[in-house]
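1. Coordinates for the following, if possible.
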Amino acid sequence: MSRTFHRLLNIALLGASAAALQAQGGAAPIQAPTQASSKVASKAAPAAQAIPAASKSGKIAIDKSTLPNGLRLQLVEDHSSQVVSVSLWFDVGARDELKGKTGFAHLFEHMMFQGSANVKKAEHGQLIERAGGQTNANTQYDITRYYETVPSNRVNLALWLEAERLRSLTVNAENLKNQIEAVKEERRLRVDNQPYGKAIWEAPLPLFDAGSCFAYAHSLIGSMDDLNASSVDDVKAFFTQYYAPNNAVLTIAGDIKPSEVKKMVAEYFGSIPRQPDQPKPKCDQKFNVGAKRASVSDDKATLPAVMTIYRVPATSHADYPALDLLTAILGTGESSRFNKVLAREKKLALGQQLYLNPFGPRRGPGMWLALAIANQGVLVDSLEAGMTAEIARVARDGVTEAELSKAKSQYRAGKVNERQTAFEMTEAIQAATIYLGSAEAINTDLDRYANVTVADIKRVAATYLVPANSLVVTINPDAKKGGPVP
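-> Residues are numbered from 1 along each chain as shown. Now for the predicted structure:
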């Protein structure tokens, strides 16, 4: 997908500004671990240790273990660079929120930078930066993730900081109030004050039934009214329920010695008590329940736009790879069908983007979304007709072997790049663990895509991208406040 267009619409997943919106902090914590003496950042790794032996076949060797308190630990040893990435994913996201208490998952992405017993407000990020590293967090519907990338001689700092806030996060009225305000500001920045922003974030929600699938039928960023009504006790209860070692997966990749890291993890995390397991949210969403339509007004937009949205199965479903490759064929690059036909040939669209689960992968039903902005003088009816015609053409006539081969090559290249940095490695392993059911799926996921045929592409288009399974949203400029450019 076009990164420029993605940034223009500002629909990147929540979390990029979580660390940036922190308040300023103070001095170093009194118990922060010092630089590890067993590692020297400038010392080159021995050539014989460049790549773990198990990795030379292309398979990633993952050292897995579980602490007595339920924390799952996954390690990948790779001495190709003197960097380590620490990734802590919690099995909690917007889908776990209850009616009347939405927005808590995203709120905690911010709250986790507000200090703890031995770390002052905003010091988490400051300490990582002083060590030459980076840190951030991200909220999705199914998970919330926190991560650091540090020089290998500072992995102890990253682990200590993560354990410290899990053990003793400061949750009080002052922090709650200022972080609710931070969330409001983020909403204004990313949603309310962006052209097409509110439509992208909120208009697709009726695709899911609020009664049988509330998990995915409410906003990822949550309700501001719900957050305003929340109490410190509400927020503490959410933290206790979901921010527990037995509800987390810790994955560490890079220039490490697994035996040493295991000792540090046991030391820092081992005494944090487990909590009762929480029931998983249910989503009994039916497919093909009839076409839906909506029309929204946007006072920030200057041109009309159309979104066509369809329900799709979970990331682990056998049809998901075909849907993913179809998304690339229709919407990725200059040679994609939407760009060739809608923008260049028919000149219906100024720009277009297609997304499979724009707000992150899911263990439940997701969405396939196509967005196109109308060219000057083009009516939304004409644009919509052009979009649906291209989708229907795949369901009727399929795609070519050349198109499928190109999409597979693009996916394969992405997977190769995914293994080039410690950070991308940890996130890929975490995603395999949560969404595909096993960390080892990182070694077999490519096969799911390689085995997709042109018949599969045609079949999934005819199964999922059909009117009875759709929601079409037209976005109209507000003539009173903005309106089309003359």
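2. For burial, what's the neighbour tally of Ala428?
-> Around Ala428 there are 22 other residues, counting by other Cβ atoms under 10 Å. Heads up, the C-betas are built off the backbone N, CA and C, glycines and all.
3. Look up phi and psi at it.
-> Per-residue torsions, Ala428: phi -70, psi -40 (degrees, to the nearest 10).
4. Distance of Pro273 relative to Thr240?
-> Distance from Pro273 to Thr240, counting by Cβ to Cβ, to the nearest Å: 10 Å.
5. so where do the strands sit in the stretch 201-350 of the chain?
-> Residue ranges of the strands in the stretch 201-350 of the chain, as given by DSSP state E, counting those that start in this stretch, are 248-254, 292-298, 305-312, 349-356.
6. Buried deepest among those strands, which one?
-> The highest mean neighbour count among the strands of the stretch 201-350 of the chain, using mean count of other Cβ atoms under 10 Å, belongs to strand 248-254: a mean of 26.
7. Run through who's touching that strand.
-> Strand 248-254 is contacted from outside by 71-76, 78, 81, 83-91, 152, 155, 162, 166, 261, 265, 269, 422, 425-426, 429-430, 433-434, 439, using Cβ atoms under 8 Å, 6 or more residues apart in numbering.
8. who touches the most centrally placed residue in the chain in this structure?
-> Note on the chain: the residue nearest the mean C-alpha position is Gly360, at 4.0 Å, using Cα atoms, centre = their mean. If a contact means Cβ under 8 Å, 6+ apart, then Gly360 has Leu13, Gln140, Tyr141, Asp142, Ile143 as its contacts.
9. now it, what's its secondary structure?
-> coil (DSSP: H, G, I helix; E, B strand; the rest coil).
10. tally of neighbours for Arg187?
-> 22.
11. what residues are up against it?
-> Contacts of Arg187 (Cβ under 8 Å, 6+ apart): Ile221, Met224.
12. element containing it?
-> Counting by DSSP states H and E, the element that carries Arg187 is helix 173-187.
13. do you know how far the residue nearest to the centre of the chain is from Ile329?
-> For Gly360, the distance to Ile329 - Cβ to Cβ - is 22 Å.
14. same thing with Asp142?
-> In terms of Cβ to Cβ, Asp142 sits 26 Å off from Ile329.
15. Mind checking which of the two has more residues around it?
-> Ranked by neighbour count (other Cβ under 10 Å), Asp142 and Ile329 place Asp142 first, with 27 against 23.
16. so what's Ser297 closest to, chain neighbours aside?
-> Asp478 (4.9 Å; Cβ to Cβ, 6 or more residues apart in numbering).
17. which residues touch that neighbour?
-> Ser297, Asp298, Asp299, Ala301.
18. circling back to that earlier point, next, give me the two most distant ones among the contacts of Gly360.
-> Leu13 and Asp142 (11.8 Å; Cβ to Cβ).
19. thinking Thr315 is in contact with Asn357, fair?
-> Yes - Thr315 is in contact with Asn357 according to Cβ atoms under 8 Å; the separation is 7.3 Å.
20. Mutual contacts of those two, please.
-> Gly366.
21. just to revisit the earlier point, return the distance of the residue nearest to Ser297 relative to Tyr196.
-> 12 Å.
22. any shared contact partners between those two?
-> In contact with both Asp478 and Tyr196: Asp298, Ala301, using Cβ under 8 Å, 6+ apart.
23. Against Ala301, how distant is the residue nearest to Ser297?
-> On the measure of Cβ to Cβ, Asp478 and Ala301 end up 8 Å apart.
24. follow-up on the earlier one: run the chain-centre distance for the helix holding Arg187.
-> Centre-to-centre, helix 173-187 and its host chain are 22 Å apart (Cα atoms, centre = their mean, to the nearest Å).
25. start the count at 30, not 1, going forward
-> Yep, numbering from 30; the last one is helix 202-216 now.
26. Give me the mean pLDDT for that helix.
-> Mean pLDDT, helix 202-216: 93.
27. same deal with stretch 142-150?
-> Mean predicted confidence for stretch 142-150 is 96.
28. again, but for stretch 260-270
-> 95.
29. how about the strands in the stretch 30-179 of the chain?
-> Counting by DSSP E, counting those that start in this stretch, the strands of the stretch 30-179 of the chain are 92-95, 101-106, 112-119, 163-168, 173-180.
30. Columns mean neighbour count on top of these, output as TSV?
-> Output for these, formatted as TSV (neighbours: other Cβ atoms under 10 Å):
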stretch	mean neighbour count
strand 92-95	14
strand 101-106	21
strand 112-119	25
strand 163-168	21
strand 173-180	24
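31. Can you say which of those strands is nearest to Pro274?
-> strand 101-106 (8.8 Å).
32. list the helices and strands that closest one packs on?
-> With contacts defined as 3 or more Cβ pairs under 8 Å, 6 or more residues apart in numbering; DSSP states H and E, strand 101-106 has these neighbours: strand 92-95, strand 277-283, helix 287-298, helix 451-464.
33. what's the angle from the second one to strand 112-119?
-> So that's strand 277-283. Interaxial angle of strand 277-283 relative to strand 112-119 (axes from the mean of the first three to the mean of the last three Cα atoms, to 10 degrees): 170 degrees.
34. List the buried residues in stretch 142-151.
-> Phe142, Gln143, Gly144, Ser145, Asn147, Val148, Lys149, Lys150, Ala151 (16 or more other Cβ atoms under 10 Å).
35. Out of those, which is nearest to Arg217?
-> Of those, the one sitting nearest to Arg217 (Cβ to Cβ) turns out to be Phe142, at 19.7 Å.
36. still on that earlier bit, for the strands of the stretch 30-179 of the chain, give me a markdown table that also has distance to Gly443 and mean pLDDT.
-> Rendered in a markdown table, the data for the strands of the stretch 30-179 of the chain read as follows (distance: least, Cβ to Cβ, whole Å; pLDDT from 0 to 100):
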| stretch | distance to Gly443 | mean pLDDT |
| --- | --- | --- |
| strand 92-95 | 25 | 98 |
| strand 101-106 | 19 | 98 |
| strand 112-119 | 18 | 98 |
| strand 163-168 | 19 | 96 |
| strand 173-180 | 19 | 98 |
